[in-house]
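Enquirer: Here is a sequence together with a model predicted from it:
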Amino acid sequence: MTENQEKRPALYLAEYDSPEALAKAAMRVRDAGYQKWDCHTPYAVHGLDEAMGLKPTKLGVISFIAGMTGICLAILMIWYMNVYDYPLVIGGKPPAMSSFPSMVPIIFETSILLTGFGTLFGMLAMTKLPRHHHPIFESDRFEAVTDDKFFISIEVEDPKFDLDRTRSLLESTQPSHLELVEEAA
Amino acid sequence: MSAVQENTDYRLPEGSRFASLWKIAMGLGVVGLLLTGWGFAADIAHFGYSFLYGFFAILTFFFGALFLVISQHITGGHWAVTTRRLAEFVLAGAPVIVLFGAIFLALVGTDTVSLYDEWLGDHHDEAAAEAASEAHSDLYPRAVSPQEAELHHHLIEYKAPYLNKGRFLIFGIFYLALWLGMALFYYRRSVKQDEDGDVNHTVKMRAFAPVAGVLFGLSLTFAAFDWLMSLEAAWYSTIFGVVIFGGSAAAFFALVILWGSALHQSGAVGDAINIEHIHDHGKMMFGFFCFWTYVSFSQWMLIWYAGIPEEAVFFHKRWQGGWKEISLVMIALHFALPFLLFISRVVKRNFTGAKIIASIIIFVHLIDVYWYVMPNAAPIAGKGLLFDIGALLMVGGFFFGLVFKKMNDHALIPVQDPLLPRSLHHHQSY
């Protein structure tokens, strides 16, 4: 990356020294109605979910639907294979739906498999992972997030983002440092 | 909330309706005692089964409490520190378990009841069995031919080194002594810590926990073998103890949900037991009734798949005379309905929702133990139901009478536990 390459703003990064200061600031940002913003902490901070106004994840719904799909697919598969296409007597049990109990282990395993897939890929889709890079890593100070500093980032994609007004909002929360992180255009 | 925070010693407040709960329980116990006495006089053969049912059903709650306390000390988790005291109250009821356990052993030892006559009775000696076999008598009512009676006898004879009265009684006394010792150890150490605040109690309780866990698992398994599985002496299932354990744990977590929610909602424990704790106990209850389903289904499916008469007889009995309907109700209430209703986080985090599901689980758990004991007594479901309920009320009434009385004597949470601050601030993240 050359020095004179054109840059554009990516996000505001506000740094705080304590989780209490961060939570207070998060409430201000939440009440201001921002959507595309996040808190970054070295460890899990209790009460931050509420301070940020996070809603419960929808991942459980995806898992549930995936699991139910697994159950239906397994029944359909066993019905097609052992009842419809190629009936075969195994262990003296008739090749019919009346042998349902012998299908249960396969139905169970398939539902677990699809629930696992649904949860993993649902999570990746919702968090937009994996990705190679995020402009937040352009900031050198952000390295302290794995040590002893607490950060709030507000991204430029947020509909309420405004270079001046967002800056004054964050300034009013008294961060120990505030910077505009830029990325290559 | 405001009234709640003034309650800093976590004692039961003056005039709380929980303070006299033990009297109600004891009263029900007396009613149960009268019903059981009537049953003893009216139908001694059925009385033995009723007594075993009442005793074992209540014993499973004691098992669940022992499991929660021991596993808490093994894992060092903070999610159940505040509710651990409720489990310790249940452990304090151990003397009632020992009392009724001793009565049960005495009833069997003196041949007053005939539950285990298949392998304990007189016809167990070889000469009598041969004579019976030749005479094609009705000593083996299940056998339809002399050859079958002979085979059956051979099978029981093969198990004689385990299935005999001396070992039955010695093991029984050993279980009761072990449970009493472990229960009082954990109960007394914990309430002692309330007074002196010595962290050494926690160290001692943790050090003993792994050993206690092994002893608990083995004693539960063999007690289930001795007292329930040997009702059908020729039948066996190696996973039997695990099934009993799964049901016990689910039922106990259900009890904690009901009890803890009631204490919270009456303001007696303040915020020390709140929806965050109930949520976790709900997850555990959900996990354990699913686990019960998993092992129960496995037990049934392997026997169904093999189709060997000696094994299938157990489920054959439970698929006729009204037991089939009860079996189906258990599939619905012990798994399908609570699974679908309770899978949602929203329901787990709602006091009313959690209490409804917990009530269903306790109800169906009592049916579960009934389903294990009673088909041996009555081929038709529901015979002598009044006496069965009487025995349940008798053991349960006196047991929970003693347990609830302890609520007046100690703080409702372990106030000096080193992990208590973390438990008080327990919080579920998304």
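Expert: That came in fine, so what should we check first?
Enquirer: Going by C-alpha atoms from here, please, whenever you check contacts or count neighbours.
Expert: Fine.
Enquirer: so A:Pro9, which of the three states?
Expert: Taken by DSSP: H, G, I helix; E, B strand; the rest coil, the conformation at A:Pro9 corresponds to strand.
Enquirer: which residues touch it?
Expert: A:156, A:180-183 (CA atoms under 8 Å, 6 or more residues apart in numbering or on different chains).
Enquirer: would you turn the residues you listed into JSON lines with pLDDT, secondary structure and distance to chain B?
Expert: Below are the contacts of A:Pro9 laid out as JSON lines (pLDDT from 0 to 100; DSSP: H, G, I helix; E, B strand; the rest coil; distance: CA to the nearest CA, whole Å):
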{"residue": "A:Val156", "pLDDT": "94", "secondary structure": "coil", "distance to chain B": "26"}
{"residue": "A:Leu180", "pLDDT": "95", "secondary structure": "strand", "distance to chain B": "30"}
{"residue": "A:Val181", "pLDDT": "94", "secondary structure": "strand", "distance to chain B": "29"}
{"residue": "A:Glu182", "pLDDT": "92", "secondary structure": "strand", "distance to chain B": "31"}
{"residue": "A:Glu183", "pLDDT": "89", "secondary structure": "strand", "distance to chain B": "31"}
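Enquirer: so B:Ser429 touches A:Val45, yeah?
Expert: No - contact status for B:Ser429 versus A:Val45: not in contact, 9.6 Å apart, counting by CA atoms under 8 Å.
Enquirer: Phi first, then psi, for A:Cys39.
Expert: The phi and psi values for A:Cys39, taken as degrees, to the nearest 10, are phi -110, psi 140.
Enquirer: just B:Phe171 next, same as before
Expert: Taking degrees, to the nearest 10 as the convention, B:Phe171 sits at phi -60, psi -40.
Enquirer: now swap in A:Lys160 and tell me
Expert: Dihedral pair for A:Lys160: phi -90, psi 0, per degrees, to the nearest 10.
Enquirer: so it makes contact with A:Tyr34?
Expert: Yes - look at A:Lys160 against A:Tyr34 with CA under 8 Å: they come within range, at 6.3 Å.
Enquirer: any low-confidence regions in chain A?
Expert: Low-confidence segments of chain A, defined by pLDDT under 70, are located at A:1-4.
Enquirer: Check the gap between the residue sitting furthest away from the middle of chain A and A:Ser99 for me.
Expert: In chain A, counting by CA atoms, centre = their mean, A:Gly92 sits farthest out from the average C-alpha position, at 49.1 Å. Distance of A:Gly92 to A:Ser99, given as CA to CA, to the nearest Å: 10 Å.
Enquirer: Please apply the same query to B:Ala354.
Expert: 35 Å.
Enquirer: Over to A:Ile154?
Expert: A:Ile154 is 58 Å from A:Ser99, by CA to CA.
Enquirer: who has more neighbours, the two?
Expert: A:Ile154 (24 against 14; other CA atoms under 10 Å in any protein chain shown).
Enquirer: Show me what from chain B comes close to chain A.
Expert: B:301, B:305-306, B:427, B:429-430 (CA under 8 Å from any CA of the partner chain).
Enquirer: could you say what helices and strands the one helix or strand B:Gly282 maps to packs with?
Expert: Using DSSP states H and E, B:Gly282 falls within helix B:275-306. Helices and strands touching helix B:275-306, by 3 or more CA pairs under 8 Å, 6 or more residues apart in numbering or on different chains; DSSP states H and E, are helix A:100-127, helix B:240-265, helix B:309-317, helix B:337-342, helix B:345-348, helix B:351-373.
Enquirer: who wins for proximity to B:Ala106 among these?
Expert: helix B:351-373 (18.8 Å; CA to CA).
Enquirer: what does that closest one contact?
Expert: Helix B:351-373 is contacted from outside by B:49, B:52-53, B:56-57, B:228, B:231, B:247-248, B:250-251, B:253-255, B:257-258, B:261, B:275, B:278, B:282, B:318, B:323, B:326-327, B:330, B:333-334, B:338, B:341-342, B:347-348, using CA under 8 Å, 6+ apart.
Enquirer: Buried among those residues? Need that as a selection in PyMOL.
Expert: Command for PyMOL, covering only those of these found buried under the criterion 16 or more other CA atoms under 10 Å in any protein chain shown:
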select buried, chain B and resi 49+52+53+56+57+228+231+247+248+250+251+253+254+255+257+258+261+275+278+282+318+323+326+327+330+333+334+338+342+347+348
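Enquirer: worst average pLDDT in the helices and strands packed on helix B:275-306?
Expert: Confidence, taken as mean pLDDT, is least for helix B:309-317 of the helices and strands packed on helix B:275-306 (a mean of 89).
Enquirer: what does that helix contact?
Expert: The contact list for helix B:309-317 (CA under 8 Å, 6+ apart) reads B:232, B:234-236, B:300, B:303-304, B:323, B:375, B:379.
Enquirer: let's go with 6 Å and repeat that
Expert: B:Trp235 (CA atoms under 6 Å, 6 or more residues apart in numbering or on different chains).
Enquirer: quick check: domain ranges of chain A?
Expert: Domain assignment of chain A by automatic domain parsing yields the ranges A:7-56+A:133-184, A:59-127.
Enquirer: phi, psi of the residue in chain A positioned nearest to chain B?
Expert: Residue nearest to chain B within chain A (CA to the nearest CA): A:Pro56, separated by 5.7 Å. The phi and psi values for A:Pro56, taken as degrees, to the nearest 10, are phi -60, psi 150.
Enquirer: Leaving out the residues flanking it, which one is nearest to A:Arg28?
Expert: Residue nearest to A:Arg28 in three dimensions, not counting chain neighbours: A:Thr173, with 7.6 Å by CA to CA, 6 or more residues apart in numbering or on different chains.
Enquirer: Thought A:Ala25 was touching the one you found, still the case?
Expert: Yes - the criterion here is CA atoms under 6 Å, and A:Thr173 meets it with A:Ala25 at 5.4 Å.
Enquirer: what's the neighbour count on the residue in the stretch 101-250 of chain B that chain A sits nearest to?
Expert: Closest to chain A within the stretch 101-250 of chain B is B:Ile239: 17.2 Å, counting by CA to the nearest CA. B:Ile239 has 14 neighbours, counted by other CA under 10 Å.
Enquirer: repeat for B:Asp368
Expert: 19.
Enquirer: Up against chain B, what does chain A have?
Expert: A:Pro56 (CA under 6 Å from any CA of the partner chain).
Enquirer: mind listing the helices for chain A?
Expert: With DSSP state H applied, chain A shows helices at A:19-31, A:48-52, A:59-78, A:100-127, A:163-172, listed in chain order.
Enquirer: possible to save the ones you listed as JSON lines with mean neighbour count?
Expert: Shown next, in JSON lines, are the helices of chain A (neighbours: other CA atoms under 10 Å in any protein chain shown):
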{"stretch": "helix A:19-31", "mean neighbour count": "19"}
{"stretch": "helix A:48-52", "mean neighbour count": "18"}
{"stretch": "helix A:59-78", "mean neighbour count": "18"}
{"stretch": "helix A:100-127", "mean neighbour count": "17"}
{"stretch": "helix A:163-172", "mean neighbour count": "14"}
